[in-house]
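*Asks:* with the input below, show me the fold.
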Amino acid sequence: MSEKTDPIVSAVAKRAPGLSGKLSRLVNILREASPSVVAFSGGADSALLAYVASAVDPNVLCVTAVSETYTPDELEAAEGFAREHGLRHARVTTLELKNPMFRANPRDRCYHCKKEMLIELDRLAKENGCKAVLYGESMSDMRDFRPGRKAMKEAGARAPLAEAGLTKDDVRLLSKAMGLKTWDRPSNACLASRIEYGMELTPELFAKVAEAESMLRKAGCAQVRVRVHGSLARIELGSGCGISQKKLAGIAKRIKSLGFSHVALDLEGYRSGSMNEA
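*Replies:* Residues are numbered from 1 along each chain as shown. Sure, this is the predicted structure:
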């Protein structure tokens, strides 16, 4: 399909001319995969995928998985995006913590989580006559340690953004050109990714992490992680976070009150997948 004949490609060609080829490939992949179910978390990657897939075929079903590993704020953001853009949206509840393999938090934890989610996505795909399950992984994600990718491949799910050659930077540029508010949304991941491998995953631990990160965001840090190592909470702050030492000390006391014995500031700052560095 050419840039001239496809509306969504021609609409952004002038604003992101260097990406029209990749966007054309994405549109062709999505047209081939339709009707489809899109795993939609509301983050920048899945939002672009859901938006373009729905432009290609309004019958695409965008599905948000709800569980204790994600915060209510993330669900609200996903539902708000779906309403704003008229997406066909549904949500399913997944019960990862009932799986002892996930709860034990091994290095392949993500595999067990994604496998649980895919059971629900496959069910919805069959109920709605969809022939593909799609998820928002980009080329940039290929460099990270992601055991969940194995579960996706085993289930035959597809990653159209990566197939089209789109990187994380490409996703943000295209999203901005399309007027999507998610273009600069900070990267996020499930709360389990904050917990040191081998520590048992519990709803109480997730709640502590979510509350600690909320404190830091309210203080002015858009990109933040609170990583848990036993009784130690390790804080990673993104660039541009200008919290004063005095305010950080006050937040550290509040985080300790959640049940941590020590709170440390990581001098390397925020980086995706830092739990895999060791």
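*Asks:* only C-alpha atoms for contact and neighbour calcs from this point on.
*Replies:* Noted.
*Asks:* so where's this protein shaky on pLDDT?
*Replies:* Within the chain, the stretches with pLDDT under 70 are 1-5, 278.
*Asks:* repeat that for 50
*Replies:* Applying pLDDT under 50 to the chain flags the ranges 1-5.
*Asks:* mind listing the helices for it?
*Replies:* 7-13, 20-33, 44-56, 72-85, 100-103, 109-127, 148-154, 160-163, 168-177, 203-218, 245-256 (DSSP state H).
*Asks:* winner for burial among these?
*Replies:* Scoring these by mean neighbour count under mean count of other CA atoms under 10 Å gives helix 44-56 as the most buried, with a mean of 24.
*Asks:* how far away from the center of its chain is it?
*Replies:* 13 Å (CA atoms, centre = their mean, to the nearest Å).
*Asks:* just send the helices of the chain back as TSV, with distance to Glu137 too.
*Replies:* Rendered in TSV, the data for these read as follows (distance: least, CA to CA, whole Å):
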stretch	distance to Glu137
helix 7-13	20
helix 20-33	13
helix 44-56	7
helix 72-85	17
helix 100-103	21
helix 109-127	13
helix 148-154	9
helix 160-163	6
helix 168-177	9
helix 203-218	24
helix 245-256	33
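*Asks:* relative to Ser138, which of those is closest?
*Replies:* The closest approach between Ser138 and any of the helices of the chain, judged by CA to CA, belongs to helix 160-163 at 4.3 Å.
*Asks:* helices and strands around that closest one, which ones?
*Replies:* If contacts are counted by 3 or more CA pairs under 8 Å, 6 or more residues apart in numbering; DSSP states H and E, helix 160-163 sits against helix 20-33.
*Asks:* now do the helix it packs on: which elements does it pack against?
*Replies:* The contact analysis (3+ CA pairs under 8 Å, 6+ apart) places helix 20-33 against helix 7-13, helix 44-56, helix 160-163.
*Asks:* ok and it relative to helix 44-56, angle-wise?
*Replies:* Using axes from the mean of the first three to the mean of the last three CA atoms, to 10 degrees, one finds that helix 20-33 and helix 44-56 are set 70 degrees apart in direction.
*Asks:* alpha carbons of stretch 99-118, as PDB, please.
*Replies:* Output of stretch 99-118 as PDB, limited to C-alpha atoms (Å, rounded to 0.1, in the frame of the first residue of the first chain):
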ATOM      1  CA  ASN A  99       0.600 -19.300  40.000                       C
ATOM      2  CA  PRO A 100       3.300 -20.500  42.400                       C
ATOM      3  CA  MET A 101       5.900 -20.300  39.600                       C
ATOM      4  CA  PHE A 102       5.200 -16.600  39.200                       C
ATOM      5  CA  ARG A 103       4.900 -15.900  42.900                       C
ATOM      6  CA  ALA A 104       8.300 -17.400  43.500                       C
ATOM      7  CA  ASN A 105       9.800 -14.700  41.300                       C
ATOM      8  CA  PRO A 106      12.400 -16.700  39.300                       C
ATOM      9  CA  ARG A 107      14.400 -15.100  36.500                       C
ATOM     10  CA  ASP A 108      11.800 -16.300  34.000                       C
ATOM     11  CA  ARG A 109       9.000 -14.700  36.000                       C
ATOM     12  CA  CYS A 110       7.800 -12.700  33.000                       C
ATOM     13  CA  TYR A 111       7.300 -15.900  31.000                       C
ATOM     14  CA  HIS A 112       4.700 -17.200  33.500                       C
ATOM     15  CA  CYS A 113       3.000 -13.800  33.700                       C
ATOM     16  CA  LYS A 114       2.600 -13.400  29.900                       C
ATOM     17  CA  LYS A 115       1.500 -17.000  29.600                       C
ATOM     18  CA  GLU A 116      -1.400 -16.300  32.000                       C
ATOM     19  CA  MET A 117      -2.300 -13.100  30.100                       C
ATOM     20  CA  LEU A 118      -2.300 -15.000  26.800                       C
END
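*Asks:* name the surrounding residues that touch stretch 37-47.
*Replies:* Residues lying outside stretch 37-47 but in contact with it, judged by CA atoms under 8 Å, 6 or more residues apart in numbering, are 49-50, 60-65, 74-75, 77-79, 81, 121, 124-125, 130, 132-138, 168, 171-172, 175, 182-185, 187-188.
*Asks:* cool, thanks, talk later.
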